[in-house]
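> Sequence plus predicted model, see below.
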Amino acid sequence: MMVRKVVHRASLAVAVAAAVTATPLQAAESQASIEERLSNLEKQLAEVKPQATGEEGFAFNTYARSGLLLNDDLKSAPGTPYLTPAGSVGGAVGRLGNEPDTYLEAVLNYRQVAENGTKSHYRLMIADSTTSSNDWTAGDGALNVRQAYVEFSDIASFTGVFRNASIWAGKRFDRDNFDIHWLDSDIIFLAGLGAGVYDLQWTDGFKSNVSVYGRSFLDFPSDPQLAGETDSTDNIILTANNFFGPVQWMVSGMTAQDNDQRVVGGVQGTAADTGFHTMLAYHGDSFFGLSDGNFKAAVLHGEGLGAEVKSLGADGNLNEDASSTRLAVYGTTYLSDHWRIAPAILAETSKDRYINGDEYNWLTFNTRLANELTANFEMQYDVSWQTMDLTPKGYLGRADVNGNYTRFTIAPTFKPQVGGFWNRPEIRVFASYSTWDDELDTYSSTDALGDSATDFTSGQWTVGAQMEIWF
Amino acid sequence: MMVRKVVHRASLAVAVAAAVTATPLQAAESQASIEERLSNLEKQLAEVKPQATGEEGFAFNTYARSGLLLNDDLKSAPGTPYLTPAGSVGGAVGRLGNEPDTYLEAVLNYRQVAENGTKSHYRLMIADSTTSSNDWTAGDGALNVRQAYVEFSDIASFTGVFRNASIWAGKRFDRDNFDIHWLDSDIIFLAGLGAGVYDLQWTDGFKSNVSVYGRSFLDFPSDPQLAGETDSTDNIILTANNFFGPVQWMVSGMTAQDNDQRVVGGVQGTAADTGFHTMLAYHGDSFFGLSDGNFKAAVLHGEGLGAEVKSLGADGNLNEDASSTRLAVYGTTYLSDHWRIAPAILAETSKDRYINGDEYNWLTFNTRLANELTANFEMQYDVSWQTMDLTPKGYLGRADVNGNYTRFTIAPTFKPQVGGFWNRPEIRVFASYSTWDDELDTYSSTDALGDSATDFTSGQWTVGAQMEIWF
Amino acid sequence: MMVRKVVHRASLAVAVAAAVTATPLQAAESQASIEERLSNLEKQLAEVKPQATGEEGFAFNTYARSGLLLNDDLKSAPGTPYLTPAGSVGGAVGRLGNEPDTYLEAVLNYRQVAENGTKSHYRLMIADSTTSSNDWTAGDGALNVRQAYVEFSDIASFTGVFRNASIWAGKRFDRDNFDIHWLDSDIIFLAGLGAGVYDLQWTDGFKSNVSVYGRSFLDFPSDPQLAGETDSTDNIILTANNFFGPVQWMVSGMTAQDNDQRVVGGVQGTAADTGFHTMLAYHGDSFFGLSDGNFKAAVLHGEGLGAEVKSLGADGNLNEDASSTRLAVYGTTYLSDHWRIAPAILAETSKDRYINGDEYNWLTFNTRLANELTANFEMQYDVSWQTMDLTPKGYLGRADVNGNYTRFTIAPTFKPQVGGFWNRPEIRVFASYSTWDDELDTYSSTDALGDSATDFTSGQWTVGAQMEIWF
C-alpha cells in the first residue's frame, strides 16, 4: 500500500514532472515566438521611429509672429524695429511691442539616409508677410519661397579635410547666419542662390566654409534721362568662413557686372560693381566671462557692394567708395533665480554710402529684462535708446538729422513653460512708450516718424497683443 | 525492485524537476531581458505614437473642393451659393452643383506638450481660390495665409475660473464659428487678428470666451470729390461668448475710428464707425426633439458695423443706422435606414444698410436629401427656394427687385463609406436646373443673373463633376 | 526507511514538482502579461506604422531644382531646354546646365482607408517658379496650386470590369503622363480640372481609363479691330487610354465652344474650336531588347486643338486645319559597370499650326552619359543636336529660319549614392558650350537666341551649379 502509494506518488511526481517538462518545451517554443515577435517589433520600431520623429522623412519647422499693434485711437500704429531714420540703414531698435505684422516661415524638411550612410536634407521655406488684420489677404499678402536647397552630410566617400564636410546647392539662408534676437537684426545675413561646402576640417580646432552666392539686382534705373529705362544684373558673392574654436573670421568678395550703369541719386557711374566684406566674431559660452549664459560679439567692415555689412550683397545702390563698419554685441544671463537680462549694442558708421560725401552714424543700446513669476507667466521689459547723426546729402529726398530715439515696453507674457530667453511659443500683451527728437520727423516723408496721416510724432503710446513661436 | 523502481522514478522525477528548475532560472534571466525589451519598446512607442498620429508634432488638415461646372454649351457656368441678388447681402442658396471654383485650405498644425503639462497648438492655414481650370494658375490663383495663431491649453498654473481656460493670439477663425454646410454659409463667422481666452468656467454649466479681434478696412474712398482719394482704418471688435449648456449667447461691440470719413453711395459722413452685434443660439443633439440627429437654431441681430451679422465686423460700408436681423435653422436626421434629410432656413431683414431708407428682405429654404444605395454610392438631392424683396436705393447701381429663385440638383455621389452627412471625401457628378423671375436679372449688371455674355437668364441647366474633402 | 526515503524522495519530487508547477503557473501569468503586452505593442505599431511611413495619413513629395546659370561675365545667362526657335513649338534640347530657374513642386498627400477597405488619396501640389536669385521673391515668384484632387481605389462595392478601378475628381496631372527626363519634356502631358476612372479591366491584359478634363482659355483677343476686346472659353477634353500589356493607345477629342471667335495673327474665324489627338506608345522593360534597362517609344498625332500633341488641349491659338505628328523615343542602359547611357529622339512636323500654310519641322537628338566614379560622385555628359526648319508665316512677328543648334555639357555630380539615372538628389556643377546657326538669331526678338542685351549670339559658354531632387 505504502509502496503503491509511493509508486502512486512517484508516478504522480513523474506525471507532474512530465507535465512540467511539457511546459518548458512549450515555453521554449513560446519564447522562440516571443523572441521573434520582440525582434520584429524592435526592427519595425527602428524603421518607424526616425520617420515619426522627423529624424528621417518629413519634418516641420516654423518661425511665426502675429498680433495687433494699436495707437490710443485703436487704429493700427506704425511699427517695426526699423522705424527710425537710422532704421533705413539698418539701425534697429527693440522689437518687443513694435511689430505690426503677421510674418511667418513654414519650413518643410525631408531627410534621407542612403544605404552607404550619406545623409541628404531638402529644405523648403515658404514665407509670408502682411500688415493686414484680415483673414483673406490674397491682395496684400506676400507668400513666396525663401529657401529651397539640398545639403549632403556624412558623405561616405569623403576623406581627409573633407571627412566632416557638407555640400549644398540651391536657394538658402547661409547656415552660419546669426542674429540679435531682440532687435530682429541679424548680425550677418547671407542668403541667395548658390552652392558651397561647409566644415572643411583643416586641423582639430580650425575649419572653414566656402560658398558662392548669387543675388539679383532687378530693374534698377539705368538711364539718367529716362526714368523708365531699367536694367538688371547679378551680384556674385564668393565667401569663406573660418572657425578657430569660438573665433569666426568671415571674408567675402563680390562682383556685379554692369552695376555701375545704375542711376543712384540722379547720377550714373558711381554705383559700386564690386565689393569686399569681412567679419570677425566671437561666440562666447558665458556672459562675457562674468556668469553663466552666452554672448556674441562681432565687428564687420565692408566696402563698395560690401558696405551693406549685414545683408551681404543685397544692396545695389551702394556707392563705389562706400565704406561701413559695424559693431554688434549681445549677451544673456540670469541675474537671480527669476530675473534674466539680455543687453545688446548695435552701432555703425558708414561713409560715401549712396552719395559721395554722405555719412551715417548711429548706435542702439537695448536691454531685455524678464521676471519669471509662475510656471506660465513672466513680465518682460524692453528698453531701447538710439542715437543717430545722418547726412544723406539728399539721397531719396532724405534730410540730414541728428537726434535720439527712446522706447520702453512692458509685456505681460504667457508661455507653456518659463525658463529662458529662447523658450517659445509666447503670447504677450504689451504697452510701449516711445519718444524722439522732433528733428527725426523730418528725415523722410515716407517713413513712420512724423507721419501726419497717422499723427505719429514726438511721443507715442502703443498697445497690443501678439504671439511668437518657433520650433 | 518496486522500491528501486520507485526510487528510480523518484530520482527521475527529481532530475526532471531539477531540469525544470533550471528552466525557470533561465526563464527568469530571459524574462528579465524580455521585460527590459518590452519596457523599452513600450517607452519608445509611447514617444513615437503621438508624433505619428499627430497628437503631438505635425498634423495636416484640409478642406478642399474642385470641379467642373458647365452649361449646356460645355462652357463654364456662373455659380456660387451667393449668385442671386440676395446673395450680395448674404442670402445663400444650395451649394450642391453650384460651385465653379477650386477652393482649398491646407492646415499645418504643430502641437507640443511642455514638461509641466501645458499644451500649445500652432495652426497655419494656407488657402487658395480660383475659377480657372488650368493646372498653372500663378496669374489667377489667390494663395494666401488665412490663419496663423498659437493657442495654449491645460495651462499648468491656471486655477479657479481659469482652470480649463485656453488662451490664444494671432490670426484665426474663431473656434466657435459654425455653419449651415449645405448653403456654404456660416451662421457666425468671426475672423481676424487678435487675442483672447476660451472657456472661463464660471459654474459647471456656464462658461465664457472673451476676445479682441481686429480687422482692416483698406483703401476705402474718403473724398466725395476725388475718386482716387482713399483712406484706411481698423475695426476693433470686443466679443464675448457665453454657453449655458446647449444655449449660446454671444455679444460683441466694435469701433472703427474715422470710418465715418468713408464715402458710401457718393455721400460722406453716413458710414458707421461703431457697431453692436448679438446672437442667441441653441445647439441641439437631436432632430428638433423628434428623432436622432442634430439641429442648430440661431437669431442674430446687429446695428451699425454689426449689421453684417454673419461676417462680424467685415463690412465697412454699413450705414450708421444699419440694422439687420437674421434667422438660421438647420437639422439632420435619418428618415429610414438609407434616407437622410437635412432641411435648413436662412432669412434676414436689413434696413438702412448702406443708404438711408434701403431695405433688404430675403428668405432661403433648402433641403438636402440623400439615399444611400451601396457601401460607396448614394444619390443626393438638393432643392432651394429663395424669395427676396430688395430695395438698395441705387447703391452700387443696383435696381430694386422682388422675386423668387428656385434650384434643384441631383448628384450621384461616390464616397469611401456612406453613412451620414459629414462623411468625406465625396466624388460627385451632378445636374442642376435653376429658374428665377426675370426681374432678378435687373438687380446688377455685374452679377451672374441676367449676364448676357454667358446667356445666363430665366432658367438654366448646368452639369458638372466635383470632389469635396475635409479631414 | 527505504520506503520512507522513497516516500521522502517522492515527496520531495512532488514538492519540487509542485514548486516547479508553481513556476509554470507564474510563468503562465507572466507569459499572459508578456503576451498581452506584445499583442498590445503589435496592435499599436500596426496603427502607428502606416501613419509614420505615410502609407496612411500625411506624406510629403517633392520635385525641385535650384541653381545659378552664369555666362562668362558672371551674369545670369538665358536658359531652359526650350530656348531655341523650335522650343517655341515644343522642341526641347538637353536640360543639363541649361536651367536658370528655381522650380519646385511641394506635394502634400493624405491617404485614408475606410473600414470597408476603400482607400482615398487627397493630393495637393503647390508649385513655384522664378529666375530671381534673391531669397525674398514675393514680387517675382509664382506660388500657385497645380493639383488638388481626390482619388478612390480598392473600392469595396465595385465589381466586374470596375473591380480594380480607381475614380477621381478635381485638378490634377493625369496619372499616366510620362516624359523624356533629359529634355524636360513630357511625351504626353494632360492636366486640368475634371473627373474620370482608371483601370477598367476588360480582360487580363487589357485595361482602360476614361476621363473628362477641362481647361480655361482665358482673355484671348476676340475683336480684330479692338486690341483690348477679349473673351474666354473652356476647352473640354474627353480622353481614353487603353493598355494592352506594354502597348498604350490613347485617343482624345476636345471642344472649345466659341474659340473660333479668337483673333490669331490678326485674323478671326480660323482658330480651331474642336480637336482630335491620339498616341500609340510602347513601354519597354529592356534597352530596345538589346540589354538591361528600359525604353519608351511613342508616336503622337493631333488635329485642330489636338495639334499641340504634348500639352493636350492647352493651346487655344491652334488653327482649325492644324495638324502635328510627333515621335518620341528614349532608352537607358549600362554600357559597363560604371558607364550609363540614355539616348533620346524627339521630332515633330506640324502644318497650318497657327496660320494657314505655316510649317514647323524640327528634330532633337540627345544623349546623356554618366561615369560613376565613387560612391558619391559621377561625371555626367550631355550632348544635344537639334535641326529645325520653321516657316511661321509672320505669326507673332517670327521670321522663317532653317538651321542647327548644338550643345555640350559636362557636369561633375555629387549624389548620396550613385547607381542609375533616377537616383536623386544631385548636386552638380557644370559648364556648357552651345553653338548655332546665326540665322536662328532672327526667329524672334523676344527669345534668348540673338538677344543683344545679353549678347547671347552664335556660341556661348555658360557655367553654374544646381541641385535637383525628387522623392
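Okay, I see it. Residues are numbered from 1 along each chain as shown, chains lettered A, B, ... in the order given.

> Just to check, A:Phe295 is in contact with A:Ser286?
Yes. Using CB atoms under 8 Å, A:Phe295 is in contact with A:Ser286, at 7.2 Å. The way it works is simple: take the backbone N, C-alpha and C, and place the C-beta from them, glycine included.

> Settle it for me: which of those two has more neighbours?
Neighbour count, other CB atoms under 10 Å in any protein chain shown: between A:Phe295 and A:Ser286, A:Phe295 has more, with 21 against 13.

> For that one, give me its contacts.
A:Tyr282, A:Gly284, A:Ser286, A:Phe287, A:Phe288, A:Val329, A:Tyr330, A:Gly331, A:Thr332 (CB atoms under 8 Å, 6 or more residues apart in numbering or on different chains).

> a strand runs through A:Val309, doesn't it?
No. Under DSSP: H, G, I helix; E, B strand; the rest coil, A:Val309 sits outside any strand and is assigned coil.

> Can you give me every residue that contacts it?
A:Val309 touches A:Gly90, A:Ile188, A:His277, A:Met279, A:Leu300, A:His301, A:Gly302, A:Ser324, A:Thr325, A:Arg326, A:Glu348, counting by CB under 8 Å, 6+ apart.

> Mind doing that once more with 10 Å?
Contact analysis of A:Val309 by CB atoms under 10 Å, 6 or more residues apart in numbering or on different chains lists A:90, A:187-189, A:277-279, A:298-303, A:324-326, A:328, A:348, A:350.

> Next one, pLDDT for it please.
At A:Val309, the pLDDT value in this model is 98.

> Domain map for chain A?
A:1-53, A:54-470 (automatic domain parsing).

> looking at those, which is buried most?
domain A:54-470 (a mean of 20; mean count of other CB atoms under 10 Å in any protein chain shown).

> what about that one, distance to the chain center?
When C-alpha coordinates are averaged (CA atoms, centre = their mean, to the nearest Å), domain A:54-470 and its chain have centres 7 Å apart.

> For the stretch 201-350 of chain A, just list every one of the strands.
A:206-221, A:230-244, A:247-255, A:263-264, A:267-268, A:274-284, A:294-304, A:323-334, A:339-351 (DSSP state E, counting those that start in this stretch).

> can you tell if the fifth one touches chain C?
No. When contact is scored as CB under 10 Å from any CB of the partner chain, no part of strand A:267-268 falls within range of chain C; the minimum is 17.4 Å.

> can you check the longest one too?
Yes. Using CB under 10 Å from any CB, strand A:206-221 comes into contact with chain C via A:Val212, A:Tyr213, A:Gly214, A:Arg215, A:Ser216, A:Phe217, A:Leu218, A:Asp219.

> Over to the second one?
Yes. Among the residues of strand A:230-244, A:Asp231, A:Ser232, A:Thr233, A:Asp234, A:Asn235, A:Ile236 lie within reach of chain C under CB under 10 Å from any CB.

> Let me know the closest of those residues to A:Asn177.
Nearest to A:Asn177, judged by CB to CB, of those is A:Asn235 at 17.4 Å.

> got a list of what the closest one touches?
A:Asn235 sits next to A:192, A:213-217, A:254-257, A:259, A:272-275, A:305, A:312-316, C:74-75, C:133-134 when contact means CB under 10 Å, 6+ apart.

> where exactly do the helices run in chain A?
A:2-53 (DSSP state H).

> shaky segments in it?
When residues are selected by pLDDT under 70, those of chain A lie in A:1-32.

> Apply 90 and report the result again.
For chain A, the stretches with pLDDT under 90 are A:1-35, A:47, A:52-54, A:140-141, A:223-229, A:446-448, A:450-459.

> Hmm, A:Thr80 and A:Gly97 touching each other?
No. Here A:Gly97 does not reach A:Thr80: they are 11.6 Å apart, not a contact under CB atoms under 10 Å.

> Return every residue with contacts to both of these two.
A:Leu69.

> how far away is the residue lying closest to A:Ser445 once chain neighbours are set aside from chain C?
Of all residues not flanking A:Ser445 in the chain, A:Gly397 sits nearest, at 6.9 Å (CB to CB, 6 or more residues apart in numbering or on different chains). Using CB to the nearest CB, to the nearest Å, we find A:Gly397 at a distance of 23 Å from chain C.

> so A:Gly397 touches A:Gly266, yeah?
No. In this structure, A:Gly397 is not within contact of A:Gly266 by CB under 10 Å, at 11.2 Å.

> residues shared between the contacts of the two?
Common neighbours of A:Gly397 and A:Gly266 (CB under 10 Å, 6+ apart) do not exist.

> Give the full set of residues in contact with the residue nearest to A:Trp182 when sequence neighbours are not counted.
Leaving aside its chain neighbours, A:Trp182 sits nearest to A:Arg368 (4.7 Å; criterion: CB to CB, 6+ apart). Counting by CB under 10 Å, 6+ apart, A:Arg368 touches A:94-96, A:181-183, A:330, A:332, A:340-344, A:380-384, A:409, A:411, A:421.

> mind redoing it with 7 Å?
Contacts here follow CB atoms under 7 Å, 6 or more residues apart in numbering or on different chains; on that basis A:Arg368 touches A:Leu96, A:Trp182, A:Ala342, A:Gln380, A:Asp382.
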